[in-house]
Every structure is written in C-alpha cells, then in structure tokens.
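Trainee: Here is my input, please return the structure:
(chains A, B, C and D)
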Number of protein chains: 2
Amino acid sequence: MSKSKRLMELMMTVNRKRKFTVGELAREFGVSQRTILRDLQELGELGVPLYSEVGPHGGYQVLRERLLPPIAFTEEEAVSIFFAVHALRHYSSLPFETESSSALKKFYAYLPEDVRERIDQMKNRVDFVTPARKAVSPYLSILLDAAVQQNVLLIRYQAREKSSDREIQPIGIFTRNGHWYCSAYCYRSEGMRVFRCDRIHSAIPSAAEALDLRHIHLENKASAGRKERSEVRVFAELTLEGAETCEAEPWPEPKLTRREDGTGWLQGTIAREDLSYFARFFIGLGGGATVKDSPELLAEMKAMLAELLGKYS
Amino acid sequence: MSKSKRLMELMMTVNRKRKFTVGELAREFGVSQRTILRDLQELGELGVPLYSEVGPHGGYQVLRERLLPPIAFTEEEAVSIFFAVHALRHYSSLPFETESSSALKKFYAYLPEDVRERIDQMKNRVDFVTPARKAVSPYLSILLDAAVQQNVLLIRYQAREKSSDREIQPIGIFTRNGHWYCSAYCYRSEGMRVFRCDRIHSAIPSAAEALDLRHIHLENKASAGRKERSEVRVFAELTLEGAETCEAEPWPEPKLTRREDGTGWLQGTIAREDLSYFARFFIGLGGGATVKDSPELLAEMKAMLAELLGKYS
DNA sequence: CATAATAGTGACAATTCTTGTCATAATTAA
DNA sequence: TTAATTATGACAAGAATTGTCACTATTATG
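Mentor: Here you go, the predicted structure:
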C-alpha cells in the first residue's frame, strides 16, 4: 500500500478508535512501528489533533476534534444540511454546547464555490422560522443527560404564580413553537407530565431511586401509565379553519379527527385542572369551534366570555 | 510539498472547481503535468469520481457527487448537525429535492462509533417538533426559484371560499408552525403580501416585466413600500403570559415592547381588513391582554364576544 | 524498587517511489 | 488543418520511505 493511501486510512482508523497504541497500528497496517510513528507525526502536521502518553496504559488519543472522513455529498444534500443547521440559529438555547454556528462556518467554507453561490442566493429567500423567545432554558443539557442516563432530578418549577419543588425522571426534551419542554415522570403527581424548561429554576441530581422507564421515550410516552385523576370530557365541532389551528396543537388529548372536506371534531378527556386552559383555547378559536361538551367546560367558557365582555364595557 | 499533502490539497481544489485542466493544476501546484496526471489517477482510485474529456474545451470534471474534504468537526458539532438534519423529517414539503434523509444516513455512517452511540442514546430523547400538516405545497421550489431569479409568476390562489389568479413576484419562502408561506409583491394589490403555499393551486411563469426588487429579501421585506390603505391603531396592555404569547406571533406590526418584569404592550397600526383577525386574537389572549385602543377594535371584540356568548346560551 | 509497556529519537543503508523529460497517440472543437 | 486536450510509456536522477538497531524517557503496577 502506498504511503498516501495508508495515511488516509490511518486517518479514518484513528478517528474510529478513540485510543490506540503504535504497536497496534503497526500490526494492523503491516508496517514497522517506526513507520507508524512517522505517519502519526505527519497526520499531526496535517491537522489531526493527536495526543500521546507514555507508559503502560498510555498510548495515543485523538483529542475532542474528530476528523470526519471525506464524505460524498450531492449538491442537494449539502444544501439541505446547510439550511437545517442554519435554522438552528433561531434557538436561544440548545441542549448541546451550541457549536452549530462554528459547524456551519466550517461546512460552508469547505463547500465548492458554485454550491456556495447557490446557498448565498437562497440564504435570504428561505427560512425555517421559530418564534424568537427571550426566555432561556439553562438546564436543557442537564435534563437531557438525566433522560439518557435515567436519573432522577430535583427541580424547582415555577407554575403560574407559585413555585414548587418536585422530583422528576426525564423522558426527553423537545421544542415546539420556540419553547423547550421536558417530558418526565413526576414523582409528586405520580404520572407523566410536561414541564416548560424555561420555568425550571434549578435542577440537581436527586438521591431517589430511579424507576425503570428505559423503554419509554419521546415517541411512545403517551402510552405511559398515569395516575387516575379527575377528568372531564370534551367534544367540539370544528370548521376547516378551526381544525387547522388545532392541528398545530401538541396535546395527545383531546384527539382531532378530520373529515374529507377539512372540517372535523375534537374528542377526548382532559384533566379538570386544565379546564380554564381549554376554555380559553376554544374561545380563541372564535367561530372556528362549537363546543358541545362537557357542561363544565361550557360553563367555564361562558364565565370567561362574560368576564371579558364586562372588562370592555 | 510531500505527495500526501499535495493529494489532500488536490482533492480539495478539485472539489472546489467544477472543471479544470491538467495544465492549470500543474501550474498551480508547481509540478509537471505528468505528475498531476498520475495524482489524478490516484485520486480516482481513492474514490473521487473524476471524468475527463479530451480536445479543446475538454478537461477534467468531478461528477455530480462532490467529495466533501475531511472537515474537523468536534463531537458537539457533529451532534448538532445530526439533529438539525434529523429535524427536517417533520416537513412534508421542502424546497429542495428532499435529499436530507440520504444525507443523514451518510453522515451517520461515517461518524466515529462512540459519537454514533451518543446520538443513538439521544435520538429518542430530543426532538424539534413541527406540527405535521397534511397539506402539501408542491410549488415550493418554483416559488423559491422565482424569488432567487426575480421572476414574475402567475398563480391561482385559494383564499377562503374563492380562488383568484394573480401575478406575484416572490421575495422568499418561509415555514412557521408547519405551514409554508411565500412573501411576494402582488401586482394585483400593488403591495407586499404573504401567501400560504398550500393554497397556491398553480404557478406558471408570467410574461410580465419584473420590478427591481433584488434588494428586498426575507430579512428586510417589512420596509418594502406598500400601498396606502385604511389603517387603524392598536394599543394593548399585556400581562407576562400575554406578552409571551405575542412574542410567538410573526407580524411586524403591531410591535411588542416588554418591561423588565416581563409584562409589556403592543402598539402599532393594522389594516382595517385585519380587524376581525386581531379581535379574535386578543379575545384568545383572555386575561392576558387589555385592549385600550382603538375604538373600532374594541367594538369588533365586543361584538364577537357577544356573538360567542349568544352561541353558548 | 524492578519491570514491563509505552512513546520518542537518531542514524544508516537498502529499497522503493516520485518526478521531470521526452516521445508519441488519440480525440475533438473550431 | 490546427491547437488544445487527455493519455501512456520509458528512463534516469533524485528524493522519500522503510526497517532495523540502539538508545532514551516516562510511568503504572506489583
């Protein structure tokens, strides 16, 4: 094998393994240790961040940076990647150490000129908008780590006026409409809950024993067992416009069903404590929704409407 | 320069230029043509898809696939890129030839094992949600092309019940909350308008002469001149919750201002034709907003509230 | 402390690779 | 036809690569 080829393969091998020794590579490539040493030095000069330690259990390591081997991307693929990463700029908080802008710069810098030109032309003409929120969520990576490792956290959570401490076991985090949320099993309410991450004002590891919830994740969390609680039925008829607005809502319940013509209905049960939330939601739909059920919800809505009407008279 | 280094740089150079000749490279690298020829053959053996044609205006070309040269990404950067591209899967329509999933596969396949493991662990625990819409927007790439090239399109647009034909000159497209929108200068209303792309039922090139709107793009379109139309003032006091909801809204007007404590106010002017939209919006804010101005808006809101109250009595 | 496992250096000679040069084909657009 | 291209082969000078050997230095472990 020629030296050039060996160097390329060495680069890949070295990136694949986190740690390795000179002898190991020498055997693998069928050359002498001396040669590998020389090769490694050359790789270092070419920019691969190598670090070595002598002694038993010593050896070479590639530092935090990994060289991504040459990947064949088509122009379209490169454009997709660019805009996907570009879209992340709207987020004020991310669960990773916001390295996305440096990644984007590198990626952009290495693209062929003509693809770069195409991107430049498109940059101000395509956008993936996310509402820019001022609220930051400093605990995203802690929550995510806890979800991955299935640890229990003790959080201080600010709900409306009052703040409370609770132990939660995160299932995952997600962002919607500019806010970050954390799905978690809440030990206080003994069920799955969704917390808005910018309302979590502290998060520390808890000593509590974790439940085995490894099989539950963001895709299937709806099926997680929940404690019985006071629930009320909901049924609402929707116009086309009303149905479209509901489509954008994240809740698993009540469920939206749509007819051929675009209209539809919402049906399901909600927690009694969410009554006022849904009352306001349906009022916000205006003529787009006609709530038929339940009486409690209708009563809440009427009260709210009367109050508003009073306010503006 | 050693051969290995030259080969690496050659790979990058070759990917940057679309077309090149042997003599060109020989001059650039300061070696003989014979050497470059040998190098190119070696690059070919290493997987770079080279293609050559003899004769005048012949030369070498890199085929459709471009090799992205080895880029040093940190682990965090690679993770960011992965999740950014991963998030695109929520979109049913994209303005590029949806190559994002193949890009993702390649990218994933080439990552070092341990980063891949980390991603696997996080995959079901982080998500960037976008409401899944059923409506598709088949004209996205046509609209985008028109925006880039500043062409005029004749579209058939379905607004509420009636559909109409209009000539527009697209400024750009953007997605929010699961819908795609197109900002464009509308020749019929002689001003900037935003169209929902899934309501565009045809789009063909128009013979009309394009205006010079090259300086206008998504970031600054608000400043584009608009036709005089009947406007009404808006002023509303907002609680913290109300302000947060407003923050997520896309309109440039009325403007949101926030105080230290999180509360704030909305102030500005809106088109008279949007009155009922805003009336409903403010009603949806419930106690979160107290509208103070203008009388027309208040009247509209009162009427709407009364109607809703009547509906549920 | 001794030992073994590591990395790291230097020198040298044998070998292999690389490079430029020259000669020559083949192809093709203009 | 001509000029601009790629393409190939041969050869010799020179440069680079490689393995070997002999060292040194560092450090975890028993």
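Trainee: Please name the residues that touch residue A:282.
Mentor: Residue A:282 is in contact with A:236, A:289, A:291, A:297, A:301, counting by Cβ atoms under 8 Å, 6 or more residues apart in numbering or on different chains. Any C-beta I mention is one placed from the backbone N, CA and C, and that applies to glycine too.
Trainee: one more time with 7 Å, if that's ok
Mentor: Each residue near residue A:282 by Cβ atoms under 7 Å, 6 or more residues apart in numbering or on different chains is listed here: A:236, A:289, A:291, A:301.
Trainee: do residue A:230 as well
Mentor: residue A:272.
Trainee: picking up where we left off before, between the contacts of residue A:282, which sits nearest DNA strand D?
Mentor: In terms of Cβ to the nearest atom of the strand, no member of the contacts of residue A:282 lies closer to DNA strand D than residue A:236, at 67.0 Å.
Trainee: Helix or strand: which one has the closest one?
Mentor: Assessed by DSSP states H and E, residue A:236 sits inside strand A:231-238.
Trainee: buried residues in that strand?
Mentor: Across strand A:231-238, burial judged by 16 or more other Cβ atoms under 10 Å in any protein chain shown covers A:232, A:234, A:236, A:238.
Trainee: ok, so of the residues you listed, who is nearest chain B?
Mentor: Chain B lies nearest to residue A:236 out of those, by Cβ to the nearest Cβ, at 11.4 Å.
Trainee: per-residue confidence at that closest one?
Mentor: On pLDDT, residue A:236 comes in at 90.
Trainee: Please report how far it lies from residue A:301.
Mentor: Separation of residue A:236 from residue A:301 (Cβ to Cβ, to the nearest Å): 10 Å.
Trainee: How about residue A:52?
Mentor: Distance from residue A:52 to residue A:301, by Cβ to Cβ: 70 Å.
Trainee: do the same with residue A:33
Mentor: Taking Cβ to Cβ, one finds residue A:33 at 79 Å from residue A:301.
Trainee: circling back to that earlier point, and residue A:52 and residue A:301? which has more neighbours close in?
Mentor: Between residue A:52 and residue A:301, residue A:301 has the larger neighbour count (other Cβ atoms under 10 Å in any protein chain shown), namely 23 against 13.
Trainee: residues contacting that one?
Mentor: A:279, A:282, A:283, A:291, B:312.
Trainee: Tell me the one among the contacts of residue A:282 nearest to residue B:155.
Mentor: Of all these, residue B:155 sits closest to residue A:289, with 30.5 Å by Cβ to Cβ.
Trainee: Residues of the stretch 151-300 of chain A that sit close to chain B?
Mentor: A:172-178, A:217-219, A:247-248, A:250, A:280, A:283-284, A:286, A:298 (Cβ under 7 Å from any Cβ of the partner chain).
Trainee: Give me the subset of those residues that lies in helices.
Mentor: If you go by DSSP state H, these have A:247, A:280, A:283, A:284, A:298 in helices.
Trainee: For residue B:23, state which of those residues is nearest.
Mentor: Nearest to residue B:23 out of those is residue A:247 (Cβ to Cβ; 60.2 Å).
Trainee: On the pLDDT front, check the residue in chain A positioned nearest to chain B for me.
Mentor: Nearest residue of chain A to chain B: residue A:284, at 2.7 Å (Cβ to the nearest Cβ). Residue A:284 is assigned a predicted lDDT (pLDDT) of 82.
Trainee: try residue A:168
Mentor: Residue A:168 carries a pLDDT score of 94 in this model.
Trainee: Following the lowest-mean-pLDDT helix or strand in chain A in sequence, what is the next regular element?
Mentor: For chain A, counting by mean pLDDT, DSSP states H and E, strand A:65-68 ranks last in confidence among helices and strands (a mean of 66). With elements assigned by DSSP H and E, the helix or strand that comes after strand A:65-68 is strand A:71-74.
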